[in-house]
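In: please find the sequence and the predicted model below.
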Amino acid sequence: MEAIMSWFLVLKSLLAVCIISLFSVSSVESYACIRKTCFDGQCSRFLNTCESSKGCFSQRQEFEFPTLQTLEQTGCPEDSCTELAFSATLGRCRTFRYDRRCCYTKQCNNGSIKVSPISSDPNGVECPACYSEDDRCSPVSLKCTGEETTCIKVTGRGTQYPIEIYGMGCATRTACNLKNMTVMDGIQINTSCVSGSSSLQINTSYVSGSPSLRPILSVLTSLFLMKALL
């Protein structure tokens, strides 16, 4: 009799655990996020939604080379939503700004975000700077401004086209140590940073060219225009 009672108590405990687990799973809130892609203000023809319980994201990227190109995307993150904002100035007249934000209610990412402009006020830091899409990258001294207080090295490779880039310059600290991050919807980058100096001596060990490849801008423009027309 005692054995039967013991088994009954065990089964009762297991049933209670299953019920609690079921309520825990069912209590996870799911909501609709706006999903869209816009290139230079031209968005895909049809806006749609996706279901998420991990947040909705909105991100904007701006690449000035020297004309301004923009890419805006909203949707549902594959994993948990992570916010990130950074900027970098590579060579001369080549700036990149990135801002990704998260929210957690129904269609909370419906709308555009604005990326903060880079300040023109010198901060006393100087970095070696260059930008290359071919086999040479000859750095020159660049005076950093605003919150771009660290020197950065960027390497990139196309995820859909055989593109390679190499750049050096000034950046915010949030741009450091990015690994296999996809930017502009087609370039996978890695970054590393070193402290800047007001009395800069260019370290030639940073200089390494990449194989001669077709220009990145024309390929990116074609890619984004095709996406915007879908």
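Out: Right, received. Where do you want to start? None of the values given here were measured: they were computed from a predicted structure.

In: show me what the strand ranked longest in the chain is packed up against.
Out: With residue count as the measure and DSSP state E as the assignment, the chain has strand 122-132 as its longest strand. Here strand 122-132 touches strand 84-90, strand 140-145, strand 150-158, strand 164-171, going by 3 or more C-beta pairs under 8 Å, 6 or more residues apart in numbering; DSSP states H and E. In short, each C-beta sits where N, CA and C put it, glycine included.

In: one more time with 6 Å, if that's ok
Out: strand 140-145, strand 164-171 (3 or more C-beta pairs under 6 Å, 6 or more residues apart in numbering; DSSP states H and E).

In: how close does the closest residue in space to Ser119 that isn't next to it in sequence sit to Ser132?
Out: Counting by C-beta to C-beta, 6 or more residues apart in numbering, Gly146 is the residue found nearest to Ser119 once chain neighbours are left out, at 2.9 Å. With the distance defined as C-beta to C-beta, to the nearest Å, Gly146 ends up 24 Å from Ser132.

In: look at those two and report which has more neighbours.
Out: Using other C-beta atoms under 10 Å, the more surrounded residue of Gly146 and Ser132 is Ser132, with 20 against 17.

In: residues contacting that one?
Out: Shown in contact with Ser132 (C-beta atoms under 6 Å, 6 or more residues apart in numbering): Tyr166.

In: tell me the confidence at the residue nearest to Asp79 when sequence neighbours are not counted?
Out: By the measure of C-beta to C-beta, 6+ apart, the closest residue to Asp79 outside its immediate chain neighbours is Lys54, 6.8 Å from it. At Lys54 the predicted local confidence, pLDDT, stands at 92.

In: straight-line length of stretch 107-119, end to end?
Out: Start to finish, the residues bounding stretch 107-119 are 32 Å apart (C-alpha to C-alpha, to the nearest Å).

In: name the residues of it that are buried.
Out: 108-110, 115, 118 (16 or more other C-beta atoms under 10 Å).

In: and for stretch 182-201?
Out: When burial is assessed from 16+ other C-beta under 10 Å, stretch 182-201 yields the following buried residues: 183-189, 191, 193, 196, 200.

In: kindly report the same for stretch 53-68.
Out: Using 16+ other C-beta under 10 Å as the test for burial, stretch 53-68 gives 54-63, 65.

In: pull the most distant pair out of those residues.
Out: In terms of C-beta to C-beta, the buried residues of stretch 53-68 reach their longest pairwise distance at Lys54 and Phe65, which sit 33.7 Å apart.

In: tell me the bridge partners for the nearest residue to Leu84 once chain neighbours are set aside.
Out: Excluding the flanking residues, the one nearest Leu84 by C-beta to C-beta, 6+ apart is Arg100, at 4.9 Å. Applying DSSP bridges to Arg100 gives these bridge partners: Gln59, Leu84.

In: please list all residues in contact with Arg100.
Out: With contact set as C-beta under 6 Å, 6+ apart, Arg100 has these partners: 59, 83-84.

In: for Asn48, same thing?
Out: Contact partners of Asn48, counting by C-beta under 6 Å, 6+ apart, are Arg35.

In: low-confidence ranges, the protein, go.
Out: Applying pLDDT under 70 to the chain flags residues 1-28, 45, 135, 196-230.

In: now do the spatially most central residue of it against Arg97, distance only.
Out: The centre of the chain sits closest to Val183, judged by C-alpha atoms, centre = their mean, with a distance of 5.6 Å. Per C-beta to C-beta, Val183 is found 11 Å from Arg97.
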